[in-house]
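[1] need the 3D shape of this:
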Amino acid sequence: MPSSTPVRWLGLVLGAVISVTPSSAQPSEPYRDNLPAAHPAIGYETGELDDPVSRLAEAVASGSITLDHDDRFGYLPSLLESLDVNADTQTLVFSKTSLQATLISPRTPRAIYFSDAVAIAVVQGAPLIELVAFDARRGAVFYTVDSARTERPRFERPSRCLQCHQQAATLGVPGPYIGSVSASATGRPDFRLGSAVTDHRTPFDERWGGWYVTGTHGTQRHRGNAVARDPATPAGLVDPANQNLTSLARFVATDRLLVPTSDLVALMTFEHQTQMINLFTRIGWEARLADHDGTLDVEEAVARRAGIEEIVRYMVFADEAPLSGPIAGVSSFTETFPTRGPSDPEGRSLRDFDLETRLFSYPLSFMIYSDLFDGLPEAIREGVYARLLVVLEGLADGFERLLAEDGAAVLAIVQETKRGLPEAWLTR
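    Model (predicted):
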(Lines give C-alpha, C1' and ligand atoms only; values in the text may rest on other atoms or scores of the structure.)
Protein backbone atom coordinates (compact mmCIF):
# COMPACT_ATOMS: atom_id res chain seq x y z
CA MET A 1 0.00 0.00 0.00
CA PRO A 2 1.51 3.40 -0.94
CA SER A 3 2.68 5.40 2.06
CA SER A 4 0.44 8.31 1.06
CA THR A 5 -2.69 6.17 1.56
CA PRO A 6 -4.63 7.07 4.74
CA VAL A 7 -4.30 4.52 7.51
CA ARG A 8 -7.31 4.25 9.80
CA TRP A 9 -7.69 2.82 13.27
CA LEU A 10 -10.17 3.02 16.09
CA GLY A 11 -9.04 5.41 18.77
CA LEU A 12 -10.82 6.74 21.81
CA VAL A 13 -9.70 10.33 21.52
CA LEU A 14 -13.09 12.06 21.57
CA GLY A 15 -14.62 8.71 20.60
CA ALA A 16 -13.55 9.28 17.01
CA VAL A 17 -12.23 7.18 14.19
CA ILE A 18 -8.85 8.75 13.51
CA SER A 19 -7.36 8.94 10.04
CA VAL A 20 -3.59 9.17 9.85
CA THR A 21 -1.99 10.17 6.61
CA PRO A 22 1.76 9.60 6.70
CA SER A 23 3.95 11.90 4.67
CA SER A 24 4.75 10.77 1.15
CA ALA A 25 8.40 11.34 2.07
CA GLN A 26 8.29 8.57 4.66
CA PRO A 27 9.59 5.46 2.92
CA SER A 28 7.93 2.75 5.00
CA GLU A 29 4.32 2.03 5.85
CA PRO A 30 3.82 3.22 9.47
CA TYR A 31 0.97 0.87 10.35
CA ARG A 32 1.76 -2.11 12.55
CA ASP A 33 -0.60 -4.48 14.32
CA ASN A 34 -0.66 -3.92 18.07
CA LEU A 35 1.73 -6.25 19.86
CA PRO A 36 0.42 -7.93 23.06
CA ALA A 37 1.53 -5.84 26.02
CA ALA A 38 0.37 -8.52 28.44
CA HIS A 39 2.58 -11.21 26.89
CA PRO A 40 5.01 -12.69 29.47
CA ALA A 41 7.95 -11.76 27.25
CA ILE A 42 6.94 -8.11 27.64
CA GLY A 43 5.25 -7.89 31.05
CA TYR A 44 4.10 -4.34 30.44
CA GLU A 45 1.74 -4.29 33.43
CA THR A 46 3.66 -6.73 35.63
CA GLY A 47 7.06 -6.95 37.24
CA GLU A 48 9.17 -4.29 38.86
CA LEU A 49 9.64 -0.98 37.14
CA ASP A 50 12.98 0.78 36.91
CA ASP A 51 12.61 4.07 35.09
CA PRO A 52 13.10 7.69 36.18
CA VAL A 53 9.44 8.24 37.10
CA SER A 54 9.05 4.98 39.02
CA ARG A 55 12.24 5.74 40.94
CA LEU A 56 10.99 9.23 41.75
CA ALA A 57 7.62 7.83 42.84
CA GLU A 58 9.34 5.42 45.23
CA ALA A 59 11.50 8.21 46.64
CA VAL A 60 8.47 10.46 47.19
CA ALA A 61 6.50 7.63 48.81
CA SER A 62 9.38 6.86 51.18
CA GLY A 63 9.89 10.52 52.05
CA SER A 64 13.48 10.63 50.79
CA ILE A 65 12.44 13.23 48.19
CA THR A 66 9.88 15.97 48.74
CA LEU A 67 8.13 17.57 45.79
CA ASP A 68 7.56 21.28 46.33
CA HIS A 69 4.19 22.74 45.37
CA ASP A 70 4.50 26.14 43.69
CA ASP A 71 1.65 28.61 44.17
CA ARG A 72 1.42 29.28 40.42
CA PHE A 73 2.62 26.12 38.70
CA GLY A 74 1.92 23.42 41.27
CA TYR A 75 4.31 20.46 41.20
CA LEU A 76 5.59 21.20 37.70
CA PRO A 77 8.84 23.04 38.58
CA SER A 78 9.74 20.44 41.20
CA LEU A 79 9.01 17.56 38.81
CA LEU A 80 11.17 19.15 36.12
CA GLU A 81 14.04 19.57 38.54
CA SER A 82 13.71 16.08 40.01
CA LEU A 83 13.59 14.45 36.57
CA ASP A 84 16.30 16.68 35.04
CA VAL A 85 14.09 18.19 32.36
CA ASN A 86 14.70 21.74 31.15
CA ALA A 87 11.82 24.21 31.04
CA ASP A 88 13.04 25.48 27.65
CA THR A 89 11.94 22.19 26.06
CA GLN A 90 8.37 23.45 26.40
CA THR A 91 6.12 22.88 23.39
CA LEU A 92 2.41 23.73 23.32
CA VAL A 93 -0.39 21.78 21.68
CA PHE A 94 -3.91 23.24 21.60
CA SER A 95 -5.84 20.48 19.84
CA LYS A 96 -8.06 18.42 22.11
CA THR A 97 -6.11 15.20 21.73
CA SER A 98 -5.13 13.83 25.12
CA LEU A 99 -6.33 12.31 28.39
CA GLN A 100 -7.59 15.73 29.55
CA ALA A 101 -8.95 16.83 26.19
CA THR A 102 -11.91 18.79 27.56
CA LEU A 103 -9.57 21.23 29.33
CA ILE A 104 -7.37 21.92 26.30
CA SER A 105 -8.11 24.81 23.95
CA PRO A 106 -6.24 27.48 21.97
CA ARG A 107 -6.43 29.64 25.12
CA THR A 108 -5.31 26.84 27.45
CA PRO A 109 -2.84 24.68 25.54
CA ARG A 110 -1.19 21.56 26.89
CA ALA A 111 2.47 22.17 27.71
CA ILE A 112 4.91 19.32 27.10
CA TYR A 113 8.46 19.11 28.44
CA PHE A 114 10.93 16.35 27.58
CA SER A 115 14.34 14.79 27.96
CA ASP A 116 15.81 11.62 26.46
CA ALA A 117 14.24 9.60 29.26
CA VAL A 118 10.92 11.26 30.21
CA ALA A 119 8.20 13.67 29.13
CA ILE A 120 5.82 15.71 31.28
CA ALA A 121 2.53 17.25 30.15
CA VAL A 122 0.49 19.89 31.99
CA VAL A 123 -2.81 21.64 31.24
CA GLN A 124 -3.76 24.80 33.10
CA GLY A 125 -6.26 24.03 35.85
CA ALA A 126 -6.16 20.27 35.26
CA PRO A 127 -6.43 17.85 38.21
CA LEU A 128 -3.62 15.64 36.87
CA ILE A 129 -0.09 16.02 35.60
CA GLU A 130 0.77 13.45 32.94
CA LEU A 131 4.18 11.81 32.72
CA VAL A 132 5.77 9.17 30.49
CA ALA A 133 9.07 7.40 31.10
CA PHE A 134 10.93 5.58 28.34
CA ASP A 135 11.80 2.23 29.86
CA ALA A 136 14.64 0.16 28.40
CA ARG A 137 12.44 -2.92 28.00
CA ARG A 138 8.81 -1.78 28.03
CA GLY A 139 9.08 1.40 25.98
CA ALA A 140 6.80 4.24 27.02
CA VAL A 141 5.33 3.81 30.51
CA PHE A 142 2.59 6.29 31.41
CA TYR A 143 1.92 7.87 34.81
CA THR A 144 -0.20 10.57 36.36
CA VAL A 145 0.19 12.52 39.59
CA ASP A 146 -2.47 14.66 41.26
CA SER A 147 -2.00 18.40 40.86
CA ALA A 148 -3.48 19.29 44.25
CA ARG A 149 -1.13 19.99 47.13
CA THR A 150 -0.61 17.01 49.40
CA GLU A 151 2.06 15.78 51.77
CA ARG A 152 3.17 12.97 49.47
CA PRO A 153 1.79 13.09 45.93
CA ARG A 154 0.82 9.68 44.57
CA PHE A 155 1.85 8.45 41.13
CA GLU A 156 -0.58 6.22 39.25
CA ARG A 157 -0.36 4.18 36.03
CA PRO A 158 -3.65 4.68 34.15
CA SER A 159 -4.19 1.86 31.65
CA ARG A 160 -6.46 4.04 29.52
CA CYS A 161 -3.41 5.89 28.18
CA LEU A 162 -2.81 2.95 25.83
CA GLN A 163 -6.17 3.56 24.17
CA CYS A 164 -4.44 6.34 22.25
CA HIS A 165 -0.76 5.58 22.83
CA GLN A 166 -0.66 2.03 21.51
CA GLN A 167 -2.02 2.47 18.04
CA ALA A 168 -0.94 2.95 14.44
CA ALA A 169 0.68 6.27 15.30
CA THR A 170 3.07 4.52 17.71
CA LEU A 171 3.84 1.46 15.53
CA GLY A 172 1.61 -0.80 17.60
CA VAL A 173 3.57 -0.46 20.85
CA PRO A 174 3.16 1.94 23.78
CA GLY A 175 4.78 5.16 22.70
CA PRO A 176 4.64 8.91 22.14
CA TYR A 177 3.89 10.64 18.87
CA ILE A 178 3.35 14.07 17.40
CA GLY A 179 0.29 14.52 15.23
CA SER A 180 -0.65 17.31 12.87
CA VAL A 181 -4.42 17.89 12.73
CA SER A 182 -6.95 20.43 11.54
CA ALA A 183 -8.37 22.08 14.67
CA SER A 184 -11.41 24.29 15.16
CA ALA A 185 -11.48 27.59 17.04
CA THR A 186 -12.16 25.58 20.22
CA GLY A 187 -9.31 23.15 19.54
CA ARG A 188 -11.52 20.26 18.47
CA PRO A 189 -9.72 18.21 15.79
CA ASP A 190 -11.62 17.31 12.63
CA PHE A 191 -10.35 13.83 11.84
CA ARG A 192 -12.47 13.72 8.68
CA LEU A 193 -9.82 15.98 7.20
CA GLY A 194 -7.07 13.55 8.18
CA SER A 195 -4.13 13.85 10.50
CA ALA A 196 -0.44 13.20 9.95
CA VAL A 197 2.03 11.54 12.29
CA THR A 198 5.10 13.71 11.91
CA ASP A 199 8.83 13.27 12.42
CA HIS A 200 12.02 14.45 10.74
CA ARG A 201 10.95 12.87 7.43
CA THR A 202 7.79 14.97 7.16
CA PRO A 203 7.86 17.97 4.80
CA PHE A 204 7.86 21.26 6.68
CA ASP A 205 4.51 22.34 5.26
CA GLU A 206 2.71 19.25 6.65
CA ARG A 207 3.77 19.74 10.26
CA TRP A 208 2.23 21.05 13.48
CA GLY A 209 -1.44 21.51 12.83
CA GLY A 210 -2.93 22.01 16.30
CA TRP A 211 0.37 23.20 17.80
CA TYR A 212 1.81 26.58 18.64
CA VAL A 213 5.18 27.26 17.07
CA THR A 214 7.58 30.08 17.94
CA GLY A 215 10.66 30.62 15.84
CA THR A 216 11.76 31.97 12.48
CA HIS A 217 11.90 29.89 9.30
CA GLY A 218 11.92 32.33 6.38
CA THR A 219 9.67 31.46 3.47
CA GLN A 220 9.06 27.92 4.70
CA ARG A 221 5.49 27.40 5.85
CA HIS A 222 3.96 25.12 8.49
CA ARG A 223 0.45 24.41 9.79
CA GLY A 224 0.97 25.66 13.33
CA ASN A 225 -0.65 28.61 15.07
CA ALA A 226 -3.83 28.18 12.98
CA VAL A 227 -7.44 27.21 13.61
CA ALA A 228 -10.27 26.56 11.14
CA ARG A 229 -12.89 29.28 11.53
CA ASP A 230 -14.98 27.63 8.82
CA PRO A 231 -15.64 23.94 9.64
CA ALA A 232 -15.54 23.15 5.91
CA THR A 233 -12.05 24.58 5.50
CA PRO A 234 -9.01 22.82 7.00
CA ALA A 235 -6.73 24.81 9.25
CA GLY A 236 -3.15 25.23 8.20
CA LEU A 237 -1.41 27.77 5.98
CA VAL A 238 -4.52 29.91 6.32
CA ASP A 239 -2.84 33.10 7.40
CA PRO A 240 0.72 34.26 6.68
CA ALA A 241 0.52 36.22 9.93
CA ASN A 242 0.80 32.89 11.77
CA GLN A 243 4.28 32.20 10.38
CA ASN A 244 7.66 33.25 11.86
CA LEU A 245 6.15 34.14 15.23
CA THR A 246 8.43 35.08 18.10
CA SER A 247 5.60 35.68 20.57
CA LEU A 248 2.34 33.91 21.39
CA ALA A 249 0.86 36.85 23.29
CA ARG A 250 -2.07 37.27 20.88
CA PHE A 251 -3.10 33.64 21.43
CA VAL A 252 -2.48 32.88 25.10
CA ALA A 253 -1.74 34.60 28.41
CA THR A 254 1.97 33.79 28.36
CA ASP A 255 2.42 34.79 31.99
CA ARG A 256 0.40 31.71 32.90
CA LEU A 257 3.00 29.50 31.23
CA LEU A 258 6.29 28.42 32.76
CA VAL A 259 8.06 29.92 29.74
CA PRO A 260 6.41 32.01 27.00
CA THR A 261 7.47 29.91 24.00
CA SER A 262 6.69 26.76 22.02
CA ASP A 263 10.13 26.53 20.50
CA LEU A 264 10.48 25.42 16.88
CA VAL A 265 13.81 23.64 17.41
CA ALA A 266 12.59 21.87 20.55
CA LEU A 267 9.51 20.69 18.68
CA MET A 268 11.58 19.32 15.79
CA THR A 269 13.91 17.56 18.24
CA PHE A 270 11.02 15.95 20.08
CA GLU A 271 9.47 14.93 16.75
CA HIS A 272 12.61 13.02 15.85
CA GLN A 273 12.81 11.46 19.29
CA THR A 274 9.23 10.18 19.41
CA GLN A 275 9.45 7.87 16.41
CA MET A 276 12.98 6.80 17.33
CA ILE A 277 11.56 5.61 20.65
CA ASN A 278 8.79 3.69 18.89
CA LEU A 279 11.14 2.06 16.40
CA PHE A 280 13.43 0.85 19.20
CA THR A 281 10.46 -0.40 21.23
CA ARG A 282 8.84 -2.18 18.29
CA ILE A 283 11.87 -4.19 17.21
CA GLY A 284 12.72 -5.03 20.82
CA TRP A 285 9.22 -6.36 21.48
CA GLU A 286 9.16 -8.34 18.24
CA ALA A 287 12.46 -10.01 19.06
CA ARG A 288 11.45 -10.87 22.62
CA LEU A 289 8.10 -12.28 21.51
CA ALA A 290 9.71 -14.45 18.82
CA ASP A 291 12.46 -15.68 21.13
CA HIS A 292 9.99 -16.49 23.92
CA ASP A 293 7.59 -18.35 21.65
CA GLY A 294 10.29 -20.12 19.65
CA THR A 295 8.89 -18.79 16.39
CA LEU A 296 12.13 -17.50 14.90
CA ASP A 297 12.40 -18.85 11.35
CA VAL A 298 13.69 -17.67 8.00
CA GLU A 299 10.76 -15.31 7.53
CA GLU A 300 11.23 -13.82 10.98
CA ALA A 301 14.98 -13.43 10.40
CA VAL A 302 14.28 -11.52 7.19
CA ALA A 303 11.79 -9.31 9.05
CA ARG A 304 14.40 -8.54 11.68
CA ARG A 305 16.89 -7.49 9.03
CA ALA A 306 14.24 -5.23 7.53
CA GLY A 307 13.57 -3.75 10.96
CA ILE A 308 17.25 -3.10 11.52
CA GLU A 309 17.50 -1.40 8.14
CA GLU A 310 14.51 0.82 8.99
CA ILE A 311 16.07 1.79 12.32
CA VAL A 312 19.45 2.57 10.77
CA ARG A 313 17.89 4.73 8.05
CA TYR A 314 16.03 6.66 10.71
CA MET A 315 19.07 6.97 12.99
CA VAL A 316 21.22 8.52 10.25
CA PHE A 317 18.44 10.83 8.98
CA ALA A 318 18.66 9.21 5.53
CA ASP A 319 15.16 10.40 4.63
CA GLU A 320 15.14 13.71 6.48
CA ALA A 321 13.08 16.42 4.81
CA PRO A 322 15.71 19.08 4.00
CA LEU A 323 15.33 22.67 5.12
CA SER A 324 15.10 25.17 2.27
CA GLY A 325 16.50 27.92 4.47
CA PRO A 326 17.77 28.63 7.97
CA ILE A 327 15.54 28.26 11.01
CA ALA A 328 15.92 29.57 14.56
CA GLY A 329 14.15 29.03 17.85
CA VAL A 330 13.37 31.80 20.31
CA SER A 331 14.16 30.07 23.61
CA SER A 332 17.44 28.95 25.12
CA PHE A 333 16.86 25.37 23.89
CA THR A 334 19.26 25.65 20.96
CA GLU A 335 22.04 26.52 23.41
CA THR A 336 21.19 24.19 26.29
CA PHE A 337 20.39 20.98 24.42
CA PRO A 338 23.94 20.46 23.06
CA THR A 339 25.40 20.92 26.54
CA ARG A 340 23.70 17.71 27.66
CA GLY A 341 26.42 15.96 25.67
CA PRO A 342 28.43 13.86 25.59
CA SER A 343 31.09 15.62 23.53
CA ASP A 344 34.31 14.33 22.00
CA PRO A 345 37.73 15.93 22.70
CA GLU A 346 37.11 18.40 19.86
CA GLY A 347 33.87 19.53 21.54
CA ARG A 348 31.62 17.89 18.94
CA SER A 349 28.33 16.31 19.98
CA LEU A 350 25.54 14.45 18.23
CA ARG A 351 23.30 17.09 19.84
CA ASP A 352 24.91 19.97 17.92
CA PHE A 353 22.44 21.75 15.66
CA ASP A 354 22.88 22.74 12.02
CA LEU A 355 19.55 24.56 11.36
CA GLU A 356 20.64 25.69 7.91
CA THR A 357 19.87 22.72 5.68
CA ARG A 358 19.04 20.06 8.30
CA LEU A 359 18.29 19.73 11.99
CA PHE A 360 21.58 18.35 13.35
CA SER A 361 25.18 18.94 12.36
CA TYR A 362 26.16 15.27 12.68
CA PRO A 363 23.56 12.88 11.25
CA LEU A 364 23.23 10.16 13.85
CA SER A 365 20.48 10.15 16.46
CA PHE A 366 21.47 11.23 19.96
CA MET A 367 19.16 8.43 21.10
CA ILE A 368 22.06 6.03 20.59
CA TYR A 369 22.98 7.07 24.15
CA SER A 370 19.54 6.17 25.52
CA ASP A 371 18.57 3.31 27.81
CA LEU A 372 16.16 2.20 25.09
CA PHE A 373 19.01 1.61 22.65
CA ASP A 374 21.23 -0.06 25.22
CA GLY A 375 18.28 -2.21 26.32
CA LEU A 376 17.65 -3.70 22.87
CA PRO A 377 18.09 -7.49 22.70
CA GLU A 378 21.77 -8.18 22.10
CA ALA A 379 21.31 -9.66 18.63
CA ILE A 380 19.31 -6.62 17.51
CA ARG A 381 21.74 -4.13 19.01
CA GLU A 382 24.70 -5.90 17.40
CA GLY A 383 22.86 -5.92 14.08
CA VAL A 384 22.23 -2.18 14.30
CA TYR A 385 25.85 -1.50 15.17
CA ALA A 386 27.09 -3.65 12.28
CA ARG A 387 24.82 -1.99 9.74
CA LEU A 388 25.58 1.51 11.06
CA LEU A 389 29.29 0.90 10.63
CA VAL A 390 28.83 -0.11 6.99
CA VAL A 391 26.67 2.96 6.36
CA LEU A 392 28.99 5.42 8.09
CA GLU A 393 31.96 4.09 6.13
CA GLY A 394 30.10 4.78 2.89
CA LEU A 395 29.81 1.11 1.88
CA ALA A 396 26.00 0.84 1.76
CA ASP A 397 23.72 1.55 -1.18
CA GLY A 398 20.76 3.86 -0.67
CA PHE A 399 22.48 6.30 1.69
CA GLU A 400 23.80 8.73 -0.90
CA ARG A 401 22.72 11.77 1.13
CA LEU A 402 25.14 10.79 3.88
CA LEU A 403 28.36 12.51 2.81
CA ALA A 404 31.74 10.92 3.43
CA GLU A 405 32.70 13.72 5.80
CA ASP A 406 29.46 13.21 7.74
CA GLY A 407 30.16 9.52 8.21
CA ALA A 408 33.74 10.11 9.28
CA ALA A 409 32.75 12.79 11.80
CA VAL A 410 29.95 10.68 13.29
CA LEU A 411 32.20 7.64 13.57
CA ALA A 412 34.88 9.68 15.37
CA ILE A 413 32.36 11.24 17.79
CA VAL A 414 30.77 7.91 18.69
CA GLN A 415 34.15 6.22 19.19
CA GLU A 416 34.99 8.84 21.82
CA THR A 417 31.61 9.13 23.54
CA LYS A 418 29.75 5.82 23.47
CA ARG A 419 30.49 3.04 25.93
CA GLY A 420 30.20 -0.64 25.05
CA LEU A 421 30.98 -0.31 21.35
CA PRO A 422 31.71 -3.49 19.40
CA GLU A 423 35.37 -4.19 18.70
CA ALA A 424 34.88 -3.46 15.00
CA TRP A 425 34.04 0.15 15.84
CA LEU A 426 37.09 0.65 17.99
CA THR A 427 39.54 -0.54 15.35
CA ARG A 428 38.37 1.89 12.67
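
[2] the stretch 51-200 of the chain: helices as residue ranges?
    52-62, 76-82, 162-165 (DSSP state H, counting those that start in this stretch).

[3] quick one: buried residues of the shortest one?
    So that's helix 162-165. 162, 164-165 (16 or more other Cβ atoms under 10 Å). Quick note: C-beta positions are derived from backbone N, CA and C, even for glycine.

[4] for residue 287, give me its contacts.
    By Cβ atoms under 8 Å, 6 or more residues apart in numbering, the residues touching residue 287 are 304, 376-377, 379-380.

[5] what of residue 80?
    Counting by Cβ under 8 Å, 6+ apart, residue 80 has contacts 86-87, 113, 120.

[6] quick one: pLDDT of residue 374?
    Among the per-residue scores, residue 374 shows a pLDDT of 97.

[7] which strand or helix spans the residue nearest the centre of the chain?
    The chain has residue 274 as the residue nearest its centroid, 2.1 Å off, counting by Cα atoms, centre = their mean. Following DSSP states H and E, one finds residue 274 within helix 264-293.

[8] swap in residue 335?
    Assigned by DSSP H and E, residue 335 belongs to helix 333-339.

[9] buried residues in that helix?
    Under 16+ other Cβ under 10 Å, the buried positions of helix 333-339 are 333-334, 337-338.

[10] okay, the residue nearest to the centre of the chain: pLDDT?
    Note on residue 274: pLDDT of 97.

[11] tell me the contacts of it?
    175-178, 199.

[12] remind me which residues of the stretch 101-250 of the chain are low pLDDT?
    Residue ranges of the stretch 101-250 of the chain with pLDDT under 70: 194, 230-238.

[13] ok, 90 please
    101, 151, 158-169, 181-196, 227-241 (pLDDT under 90).

[14] show me where the stretch 301-428 of the chain has helices.
    Going by DSSP H, counting those that start in this stretch, the stretch 301-428 of the chain shows helices at 333-339, 371-374, 378-392, 404-417, 423-426.

[15] quick one: list the elements packing against the fourth one.
    Taking 3 or more Cβ pairs under 8 Å, 6 or more residues apart in numbering; DSSP states H and E as the contact definition, the neighbouring helices and strands of helix 404-417 are helix 378-392, helix 423-426.

[16] name the surrounding residues that touch the last one.
    If I follow you right, that is helix 423-426. 385-386, 389, 411, 414-415.

[17] got the domain ranges for the protein?
    Per the record, the chain has its domains at 7-256, 274-426, by automatic domain parsing.

[18] closest one to residue 263 among the ones you listed?
    Among the domains of the chain, the nearest to residue 263 by Cβ to Cβ is domain 274-426 (4.2 Å).

[19] burial of residue 395, as a residue count?
    When counting by other Cβ atoms under 10 Å, one arrives at 10 neighbours for residue 395.

[20] where does pLDDT dip in the stretch 251-400 of the chain?
    Scanning the stretch 251-400 of the chain for pLDDT under 90 picks out 290-306, 400.

[21] tell me how far the residue nearest to residue 217 when sequence neighbours are not counted lies from residue 199.
    Once flanking residues are discounted, residue 217 sits nearest to residue 327: 4.5 Å by Cβ to Cβ, 6 or more residues apart in numbering. Separation of residue 327 from residue 199 (Cβ to Cβ, to the nearest Å) stands at 16 Å.

[22] so these two - more neighbours on which side?
    Just comparing residue 327 and residue 199: by other Cβ under 10 Å the higher neighbour count belongs to residue 199, 27 against 22.

[23] from residue 145, how far off is that one?
    Taking Cβ to Cβ, one finds residue 199 at 28 Å from residue 145.

[24] ok, residue 61 next?
    Using Cβ to Cβ, residue 61 is found at 11 Å from residue 145.

[25] what do these two both touch?
    In contact with both residue 61 and residue 145: residue 154, using Cβ under 8 Å, 6+ apart.

[26] in terms of neighbours, single out the busier of the two.
    Using other Cβ under 10 Å as the criterion, residue 61 and residue 145 rank with residue 145 on top: 23 against 13.

[27] out of the helices of the stretch 301-428 of the chain, nearest to residue 43?
    Short answer: helix 371-374, nearest of the helices of the stretch 301-428 of the chain by Cβ to Cβ, at 16.3 Å.

[28] can you give the distance from the closest one to the centre of its chain?
    Offset of helix 371-374 from its chain centre (Cα atoms, centre = their mean, to the nearest Å): 15 Å.

[29] cool, stretch 184-198 as well?
    In terms of Cα atoms, centre = their mean, the centre of stretch 184-198 is set 19 Å apart from its chain centre.

[30] in that stretch, what counts as buried?
    Buried residues in stretch 184-198, counted by 16+ other Cβ under 10 Å: 184, 187-191, 193-198.
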